[in-house]
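Engineer: One predicted model, sequence on top.
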Amino acid sequence: MKQNPLHLKNRIVFFVVAIVILAVLTSSKLYFSYHMVNQSATTAIAKQYVGIAERIAGGLDKELYGKFLQTKQYGEERERISQYLKQFREPTGALFVYILMLDDSDVAKAMVSSIPEGVRDLPIGGACTVPAEQVKQAKQGMSYYTGIIRDEVHSVSYLSVGVPFYGADGEMMGVVGIDVPAERVEHVGGQVVKSNGLAFGIDILFAVVLLASVFFLNMWYKRRLRRDLKESESVYITELGKVTESIKLSRHDMMNHLQVLRGLLEMKYYDRAFDYLKRMSSDSKPLDLSMRIKNPVLMVLFQSKWELARSKNIDIEFDTDLNEYDRVDALDLVKICSNLLDNAIEAADVYEGELPRMIRVICKAKRDSYIFAVENPALLSAKEQKCLFEQGYTTKSSPDKLRGNGLTIIKRTVEKYNGSIHVNCEDGKVFIQVTL
């Protein structure tokens, strides 16, 4: 069968949109995951160097540093402190280790530093690159760490940490600062990303599985929708055929009555013609279900089935509650009741037993369920009773595709509402009850 070009185009559009969505979601997930991993690595390194700064501050000769602060000049005191800082800078891989002085401004000043050979030393009192936010933290007695800072003076990038330290009198003397090379932070972050490669792979797999699930659910829904539409179409086609058949039978019956009336009138039996016309009017009185059925769909359906049964000399008795049955979709009501009645009418039409050709229809509304039942005369074998709800099975000698699936449609519709079907065959009658 040739594929519809519009359908193919819609599929292509769906796949393109799905791939774009998958790419965006996966990229976003990977970006945020990578960002979070790097952030975690940065925090871990910062805490590690904060601990080192605390050790430096704990071992610093506060008295010697106090003497330096009195002069703030290059000399023995500053050199000894610089050598002390160097003992920590080289083993830890730090770029700069220094002591800052805080004043009333938001700019920290470098007082003593230990820097690599070949790099210009920081001048005493020179402005430091620590951001104002971290300077405020230090003034409040808190340790701090920054993001990656670009130092244009030394043409390097680094992460800075700092820990305040205090003199014997409890007054803050300064801040021990350490600059960690950005390359070290990135290296650790890269190692963490590699170690989390499995997690990233799972993220991608999850996105693919999610998209595939959405795709297959969409396909399943469309397939089910097409099946439901086909079933509904089958029901309505069948109903239309029944109505047409009923109209044909009524027309044929009416033509017979008119011929009788014409004959009586031609023979001038006016009294008999009048009596015959009265009987016709009485027999043609339509069934009024408006006071017994509140659901308009069921009322119209039952009216048409009553007309069909009547055209076959079959009586239908209705035992219904005045309820809208609105917890069940109207299409599903038609599927259930129409197929039940069609099977009952067909069975009663070919019934040749001693029981009257009478069909009983029951529609009841309980507290939390609906009951729809049909009882009709029929003679079914044990095999026919067992196969009643099998796909395509029919008791008719000339099976019809739509009718053969009627009870199967009922079964599938009942399963949709987690309902139940009860069948009882005894004393020449078949009783089918659907509970939803």
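Structural biologist: Structure's in. What do you need?
Engineer: which stretches of the protein form helices?
Structural biologist: For the chain, the helices defined by DSSP state H cover 5-59, 62-71, 76-92, 132-139, 182-195, 197-266, 270-283, 296-311, 330-350, 382-386, 401-404, 406-416.
Engineer: Now stretch 86-100 - C-alpha only, CSV.
Structural biologist: Presented in CSV, the C-alpha positions along stretch 86-100 are these (Å, rounded to 0.1, in the frame of the first residue of the first chain):
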residue,chain,number,x,y,z
LYS,A,86,57.9,29.6,51.1
GLN,A,87,58.0,26.3,53.2
PHE,A,88,54.3,25.9,52.4
ARG,A,89,54.2,27.3,48.9
GLU,A,90,56.5,24.9,47.2
PRO,A,91,55.2,21.6,48.6
THR,A,92,51.6,22.5,48.1
GLY,A,93,52.0,23.7,44.5
ALA,A,94,50.6,27.1,45.3
LEU,A,95,51.3,30.0,43.0
PHE,A,96,51.5,32.7,45.7
VAL,A,97,51.4,32.6,49.4
TYR,A,98,51.0,36.0,51.2
ILE,A,99,49.8,37.9,54.1
LEU,A,100,47.2,40.7,53.6
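Engineer: contacts for that stretch?
Structural biologist: Identification of contacts with stretch 86-100 by CB atoms under 8 Å, 6 or more residues apart in numbering yields 49, 52, 55-56, 60, 65, 81, 85, 108-116, 122, 128, 130, 138, 156, 158, 162, 174-181, 184. Any C-beta I mention is one placed from the backbone N, CA and C, and that applies to glycine too.
Engineer: how many neighbours does residue 115 have?
Structural biologist: 20 (other CB atoms under 10 Å).
Engineer: and if you look at residue 351?
Structural biologist: Residue 351 has 17 nearby residues by other CB under 10 Å.
Engineer: Quick check: it touching residue 379?
Structural biologist: Yes - the pair residue 351 and residue 379 passes the contact test of CB atoms under 8 Å, sitting 7.2 Å apart.
Engineer: Residue ranges in the stretch 301-436 of the chain under the pLDDT threshold?
Structural biologist: 382-383, 385-406 (pLDDT under 70).
Engineer: The stretch 51-200 of the chain too?
Structural biologist: 187-200.
Engineer: how about stretch 143-156: buried residues?
Structural biologist: 143, 144, 145, 146, 149, 154, 156 (16 or more other CB atoms under 10 Å).
Engineer: In the sheet, which residues pair with the residue nearest to the fourth one when sequence neighbours are not counted? Tell me.
Structural biologist: Excluding its sequence neighbours, the residue lying closest to residue 146 (CB to CB, 6 or more residues apart in numbering) is residue 160, at 4.6 Å. As for beta bridges, residue 160 partners with residue 179 under DSSP bridges.
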